[in-house]
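Trainee: Sequence and predicted structure are below.
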Amino acid sequence: MKSALVARLRQGHRTLDYPAGKVELPSRFRGMPALDASRCPEGCGVCTRACPTGAIGQPLRIDLGKCLFCPACAGACPEQAISFGRDHRLAVRERADLSVGAGDGPRLARALDLEATRLFGRSLKLRQVSAGGCGACEAELVALGNVVFDLGRFGVQFVASPRHADGLVVTGPVSQNMRSALLETFDAIPAPRIVIAVGACALSGGPFAGSAVCEGGVPPEIPVDLFVPGCPPHPLTVLDGLLRLLGRI
Amino acid sequence: MTPARASVARPRPSIPATENPKVVRLGSLPLGDVEGLRRDVIDRCKEGARLVALFVPPRATELVAVVARDDCADIAIQRAALAGPSYPALSSELPAAQAFEREILEVHGVRPEGHPWLKPLRRHDAHPFFQVDGPGIHEVAVGPVHAGIIEPGHFRFQCAGEKVLHLEIQLGYQHRGVERLMLSSSPARRIAIAEAIAGDTTIGHAIAHAAAVEALGAGELPLHAQAVRAVALELERLANHVGDLGALCNDVGYLPGASWLGRLRGEMLNALLVLSGNRFGRGLIRVGGVRFDLDSGQKRELAARLAEVERDLDAIVELVLDTPSVASRFEGTGVVSREIAEALGLVGPVARASGCDRDVRRDHPAGLYRFAQVPVAVTESGDVMARALVRALEIKRSLEFVHDQLREQPEGPARSRQLALEPTPARPDRLVVSLVEGWRGEIAHVAMTDADGAIAAYQIVDPSLHNWLGLAMALRDGEISDFPLCNKSFNLSYAGHDL
């Protein structure tokens, strides 16, 4: 018992001062990309060809819903027209907002309507379904519950039963073998309910887009309220989106 | 292990052997008959060798077996022509072949006759579950959607009261068609897919893929890039092992251990973030090298971070393993005997916890592991405690290895010059076996090229494919309430199995 107390004292207080404090991620962290189309040589397209998921169009645009933040494009570009910044705030409310062009900054997720923020703003229970997810997005959602991110302090909690949930968090490209289980879980959540799609796979199929045995992301039957890009997204990217959705930031 | 040692004295000159990851010409691998292949693979495995992979390439005209002998670092590859829509199953005498042969039936419709449980591996059809009959026998079905944030799978228990007579694990929910995508995708897409085969094994699978492609193209990676890869692989192992110890604490209700180790797992992921810009190391490994170098500033930063983690970690792991309430739940729970582990061909910490002394880093070294060794951790008791102890030992040894590398890493270009601009084209009609000791155990990628040098077959074996049946056996005669704890002590990948 004594050694347990000593160990506890040594742990100290580890929870991030978030969202109040300033977040400093390491220099190599790849967040919001900055594009400078003026550097693009005529008819170049090297980045488009280098991208593993076809996320880059010409004139220069990146679809962050497809982007793996890998960063093959930035490495391939001879003119440094693409660079990934350190801004982790990437979650948006509309799929179209993930299309980033030259000079675009982050399009931060706006809050739910007043009635929904009144209902969910101080207590949100979520049910998670991995539908073909590789386990990385899932692991980052688990990490949100650890002492560093401590999701519970915001009143947000992952629950075991869809009947107890206010919303659904989907990860993975939605494999055919999980399609019906996903739809049933969604149907089992009582309305009003929200849906959060996390990771490139859930947004677009990610590296599995075009697979004959996947849907290519959350199917149209399930309307998505928050899109969180990344492969996987940093826990702070998910947390930022959640808190904005709830009108807490 | 006595039979394994004895096998050294019995060479089999008829079967060409290769090493990890060295290419062989398909022309040097004669097409034999299935009966000969079957007999030879079974005999070799009885003498201590292991079945690494058994598969049918896409045109479904032949059967390929990959068998590794750990005590002499060789890998034997055998090919046999398939004469018809069926062949005599290896599984009837070699349980380690069971999952491979179920896959062969499912993907190619080729029937391994005499297989003891010939049910599709990933496709869900009307095939019934195994049922136990008798008075008082009841069935418990769990999944695919579980409580908590976890991948989907279905578990069907046959019980007498609390006692589990049999557990059948039905997977396939995560099937994304990875192997087919590998054949149809661009090289840039392939490495991204490899990184997402099993999310927590990003580095392991990416190295296995990159090493296979580099070998097909005859590219030699600079030592410095190999060292960066090895550091990343050990950081991945550290993150997962530390996380697993925390999860084990959680499942026995020892919450201090769960919360502290959960945080320290994050510190390991943050070390990967410093190195690669991603907490899982995505984007780091590329065919022909690594995308990010470790400069002296980063080495110092990583060393300082790890030293701090190490201090906390030592104290917590000791505290956890010395806590009587933890030890009493870990000890004697979910025992897998050495005989079962050998028969099923288990790999990784799970096998080492049952006394099987195997580790690809030592037995089939590639990359930096040819020059720098990590001692192999083996325990005997085969229970949850043994699986926890192996992880605790491997954490210590991986930390030492990473510290050594940060101090002594060879300097040089992180990207091989001859591969930096264009990848060397793969040579035609070759086969390569690429093995990596991921944190879960042996990862195998087997690639074959056609006459044009295009990849014509790509077979992926995640350690989970070998080990899921081990979990089912660990539960046998145990209590159903032990399932979460046993499951955590294996911590297998659903996506890695389902591909």
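Mentor: That came through, no problem. Numbers count the residues shown, from 1 in each chain, chains lettered A, B, ... in the order given.
Trainee: Longest helix in the chain, by number of residues?
Mentor: Defaulting to chain A. helix A:176-188 (DSSP state H).
Trainee: was after chain B, sorry
Mentor: Longest helix of chain B, by residue count under DSSP H: helix B:223-251.
Trainee: Which secondary structure elements does the longest helix of chain A sit against?
Mentor: Counting contacts by 3 or more Cβ pairs under 8 Å, 6 or more residues apart in numbering or on different chains; DSSP states H and E, helix A:176-188 is packed against strand A:124-130, strand A:167-171. To be clear about C-beta, it is placed using only N, CA and C from the backbone, and glycine gets the same treatment.
Trainee: And the pLDDT at residue 126?
Mentor: Reading this off chain A. pLDDT, A:Leu126: 97.
Trainee: wrong one, chain B
Mentor: B:Ala126 is given a pLDDT of 77.
Trainee: Now do the same for it: helix, strand or coil?
Mentor: Counting by DSSP: H, G, I helix; E, B strand; the rest coil, the backbone at B:Ala126 sits in coil.
Trainee: quick one: the closest residue to B:Arg189 other than its chain neighbours and A:Ala37, what's the gap?
Mentor: Among residues not flanking B:Arg189 along the chain, A:Pro52 sits closest, at 4.4 Å (Cβ to Cβ, 6 or more residues apart in numbering or on different chains). Plainly put, A:Pro52 is 21 Å away from A:Ala37 if you go by Cβ to Cβ, to the nearest Å.
Trainee: who has more neighbours, these two?
Mentor: Counted by other Cβ atoms under 10 Å in any protein chain shown, A:Pro52 and A:Ala37 do not tie: A:Pro52 has more neighbours, with 23 against 14.
Trainee: Name all residues that make contact with that one.
Mentor: A:68, A:70, A:72, A:207, B:186, B:188-189, B:191-192 (Cβ atoms under 8 Å, 6 or more residues apart in numbering or on different chains).
Trainee: ok, 6 Å please
Mentor: A:Pro52 makes contacts with B:188-189, B:192, as judged by Cβ atoms under 6 Å, 6 or more residues apart in numbering or on different chains.
Trainee: give me phi/psi at it?
Mentor: Phi and psi for A:Pro52, reported as degrees, to the nearest 10, are phi -70, psi -20.
Trainee: Quick check: helices, which of the contacts of A:Pro52 are part of them?
Mentor: B:188-189, B:192.
Trainee: In TSV, list the contacts of A:Pro52 along with neighbour count.
Mentor: Output for these, formatted as TSV (neighbours: other Cβ atoms under 10 Å in any protein chain shown):
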residue	neighbour count
B:Ala188	18
B:Arg189	21
B:Ala192	24
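Trainee: and the residue nearest to B:Ala353 when sequence neighbours are not counted, how many neighbours?
Mentor: Once flanking residues are discounted, B:Ala353 sits nearest to B:Ala386: 3.8 Å by Cβ to Cβ, 6+ apart. Per other Cβ under 10 Å, the neighbour tally for B:Ala386 reads 25.
Trainee: A strand includes B:Ala386, no?
Mentor: No - counting by three-state DSSP, B:Ala386 is not part of a strand but helix.
Trainee: Could you report the pLDDT at it?
Mentor: Model confidence at B:Ala386 (pLDDT) stands at 97.
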